[in-house]
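sharing a sequence plus its predicted fold:
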Amino acid sequence: AQSVTQLDSQVPVFEEAPVELRCNYSSSVSVYLFWYVQYPNQGLQLLLKYLSGSTLVESINGFEAEFNKSQTSFHLRKPSVHISDTAEYFCAVSDRGDYKLSFGAGTTVTVRA
Amino acid sequence: EAGVAQSPRYKIIEKRQSVAFWCNPISGHATLYWYQQILGQGPKLLIQFQNNGVVDDSQLPKDRFSAERLKGVDSTLKIQPAKLEDSAVYLCASSPHTTGSSYNSPLHFGNGTRLTVT
């Protein structure tokens, strides 16, 4: 099973500032990569995914993540955050054909006015 | 499309008691997962079903945890007897994929059941 490391447990950020959440995984074999977001008292919602093709993937609400195979990373970025982006963010990885997600410990993003 | 339904939303029990959680996946989804999310940690896979068969239960503490998915639809997860360290959110997820199929849809998660063992 994959091991996933999210390097920051807490990220405070001011509204309209950029944010980057770092994620590294253990194996260089072919993988699928995901970012999930969890709002308080809710389940996990898919934010974006990398399956194949372009290494830069985007979500509909302004987040983007870049797959870097040589560094086994999948960092998440947003150039300008909103208060509503306050949530916990989880990076997840699965081996291709496996569909079993291994999750990082999560990064709590708190956006302040 | 209705989402993954879980009940109850919250449960408080004393240690050594038993508890059961229920999950109704999205209609037509062949694969169902139970994850345990301890406070401050990421979700950890407990068991994976494909239709009504177990694909992976290597992380399930079988001395106290059991799960079943009768008829390949709903699933129940049971803990008996519960320990303090079982306090967590139990998440159910479903997916239309089966092993070897092409991947074009992510896992869909329910809102979870928050268990507190006192």
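On my side now, so go ahead. Numbers count the residues shown, from 1 in each chain, chains lettered A, B, ... in the order given.

only C-alpha atoms for contact and neighbour calcs from this point on.
OK.

so where do the helices sit in chain B?
Under the criterion DSSP state H, chain B contains no helices.

state the distance from the residue most central in space within it to B:S75.
Among the residues of chain B, the one closest to the centroid is B:W34, at 2.4 Å (C-alpha atoms, centre = their mean). B:W34 sits 9 Å away from B:S75, going by C-alpha to C-alpha, to the nearest Å.

over to B:P96?
Distance from B:P96 to B:S75, by C-alpha to C-alpha: 16 Å.

more neighbours, those two?
The neighbour count for B:P96 versus B:S75, taken as other C-alpha atoms under 10 Å in any protein chain shown, is higher for B:S75 (22 against 19).

who are the contact partners of the more buried one?
The contact partners of B:S75, taken as C-alpha atoms under 8 Å, 6 or more residues apart in numbering or on different chains, are B:W22, B:C23, B:N24, B:A67, B:E68, B:R69.

now the two most distant members of the residues you listed.
Using C-alpha to C-alpha, the contacts of B:S75 span at most 13.4 Å, a distance reached by B:N24 and B:A67.

is residue 90 bridged to anything, and to what?
Chain wasn't specified; assuming chain A. Taking DSSP bridges as the rule, A:F90 bridges to A:Y36.

that's the other chain; I wanted chain B
Counting by DSSP bridges, B:Y90 is bridged to B:Q36, B:T113.

low-confidence ranges, the chain, go.
Picked chain A for this. Low-confidence segments of chain A (pLDDT under 70): A:1, A:28, A:97-98.

chain B is the one I meant
B:1, B:98-105.
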